[in-house]
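In: turn this into a model:
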Amino acid sequence: MKTDILSSIWSSLPNPALIIDEKNLVVNINPMAEAFLNMSEKTTRGTDIEENLFFDFSFSETLTKVRTSNSKVFMSAVKVTLPRYSVFECNLQFSPILDFLNYVFIILDVRDIDNRIGQYSKINETETSIMGMKEMLSHEIKNPLAGIIGAAQLLSMKLSKRDTELTDLIVEESRRIENLLNNVGKFDCPIVVKKNSENIHDILSRAKKLSSYSLASNMTILEVYDPSLPNVWGNFDQLLQVFLNLLKNAAEASIKEFGVIEIRTFFEMGIRVKNSNGENVPVPLTIEVRDNGTGFPSGILSNAFEPFVSGKMNGTGLGLAVVSKIINEHNGWINIESYSGSTVVRVSLPVAKEEIN
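Out: Okay, here's the model as predicted:
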């Protein structure tokens, strides 16, 4: 009975937890650690912990301190890197295990997800000031849009079927802008968007195509896709807006003569996000947009998703605020890693409902 209770407690721990032996080899990890590492307990058992987790401090010295003092050690806000080069900020707790000489119990409190969600609340506080002129802007933008659509349709009548691809694109994108303007109130209050099962690669291919006609026309855009990915549960137009914004930012940041943007997709069971019902929902569909630009200016990165924060000369600081709002409404997660020579924006999204059943 006692063994069953202990096993149940171990499986129910809300944070990733590991037990290592006197040689720093993994003895056991709990289910949350399996999800965090995207590795099974069987795979990690007997491996050196520093083969699976990389730390920005002297890990071996910390373990020595725990073992020699036979006391707990707590470390706040340390950087932990996974084998896939995902970086998380964590609080770490090390505890010696009684009756098991030099065995250490480690708990990771992953802070990045909570911090990112916390930034959404800051956005909400500024929503009213952002969209105070929404009605006037919407009206003024819709008028020329109607003229653009009409002109493109008239032009298409005089072109061959082969040459109408661009005019069709103008009409389709103008219609999409009209729909966005109709939903411009998304910064005033939460709106219910229609979500469907969508192929994330269709969305990304559309974003790449549109970007190739505009700011990213001189860029090399690489696609590294996992074709086995299941569908995403989301709104096609809103997710398209997300990746258009990210590609636009990447193109503006990249070195123009050698500008390279890489779009990569893969499946990773490392992150869970609380939905509106308070449930921890896995968001395994992962999309990375990487550029070879100069990186975010110092002091900007931690506030990158807040309105009016921009590192560009004439930037409005609304692009990433809109992106984070949309991802939040999709029960997803977004993170930015930036340093000189590269910026990586990672978006994690839930799987379509039909794929779960």
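In: and the strands in the stretch 1-150 of the chain?
Out: Applying DSSP state E, counting those that start in this stretch to the stretch 1-150 of the chain gives strands spanning 17-20, 26-29, 54-55, 73-81, 87-96, 104-110.
In: quick one: distance of the last one to the chain centre.
Out: When you say that, I think you mean strand 104-110. Distance, stretch centre to chain centre, for strand 104-110: 23 Å (Cα atoms, centre = their mean, to the nearest Å).
In: same deal with the fourth one?
Out: With Cα atoms, centre = their mean as the basis, the distance from the averaged C-alpha position of strand 73-81 to the chain average is 21 Å.
In: repeat for the third one
Out: Mean-position distance between strand 54-55 and its chain equals 21 Å (Cα atoms, centre = their mean).
In: then the longest one?
Out: For strand 87-96, the distance between its averaged C-alpha position and the chain's averaged C-alpha position is 22 Å (Cα atoms, centre = their mean).
In: who does it pair up with?
Out: Strand 87-96 sits in its sheet next to strand 73-81 (antiparallel), strand 104-110 (antiparallel), going by DSSP bridges.
In: give the pairing partners of the helix or strand hosting I261; include direction for each.
Out: Element membership of I261, judged by DSSP states H and E, is strand 260-267. Strand 260-267 pairs in its sheet with strand 220-224 (parallel), strand 285-291 (antiparallel), by DSSP bridges.
In: packing partners for the helix or strand just after that strand?
Out: Going down the chain from strand 260-267, the next helix or strand is strand 272-274, by DSSP H and E. When contacts are defined as 3 or more Cβ pairs under 8 Å, 6 or more residues apart in numbering; DSSP states H and E, strand 272-274 sits against helix 112-130, strand 280-282. Placement of C-beta: from N, CA and C, glycine included.
In: mind redoing it with 10 Å?
Out: Packing partners of strand 272-274 (3 or more Cβ pairs under 10 Å, 6 or more residues apart in numbering; DSSP states H and E): helix 31-37, helix 112-130, strand 280-282, strand 342-349.
In: show me this protein divided up by domain.
Out: For the chain, automatic domain parsing gives the domain ranges 2-110, 115-128+194-356, 132-187.
In: rebuild those as a markdown table, extending it with mean neighbour count.
Out: Formatted as a markdown table, the domains of the chain follow (neighbours: other Cβ atoms under 10 Å):
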| stretch | mean neighbour count |
| --- | --- |
| domain 2-110 | 15 |
| domain 115-128+194-356 | 18 |
| domain 132-187 | 13 |
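In: CSV for those domains, including mean pLDDT?
Out: Shown next, in CSV, are these (pLDDT from 0 to 100):
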stretch, mean pLDDT
domain 2-110, 84
domain 115-128+194-356, 80
domain 132-187, 70
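In: OK, contacts around the closest residue to N199 other than its chain neighbours?
Out: Counting by Cβ to Cβ, 6 or more residues apart in numbering, N231 is the residue found nearest to N199 once chain neighbours are left out, at 5.7 Å. Applying Cβ atoms under 10 Å, 6 or more residues apart in numbering, we find N231 in contact with 196-202, 285, 351-355.
In: mind redoing it with 7 Å?
Out: S197, E198, N199, A352, E355 (Cβ atoms under 7 Å, 6 or more residues apart in numbering).
In: could I get these in a markdown table, plus columns for distance to N24?
Out: Formatted as a markdown table, those follow (distance: Cβ to Cβ, whole Å):
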| residue | distance to N24 |
| --- | --- |
| S197 | 44 |
| E198 | 44 |
| N199 | 43 |
| A352 | 41 |
| E355 | 38 |
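In: right, I'll call it a day here.
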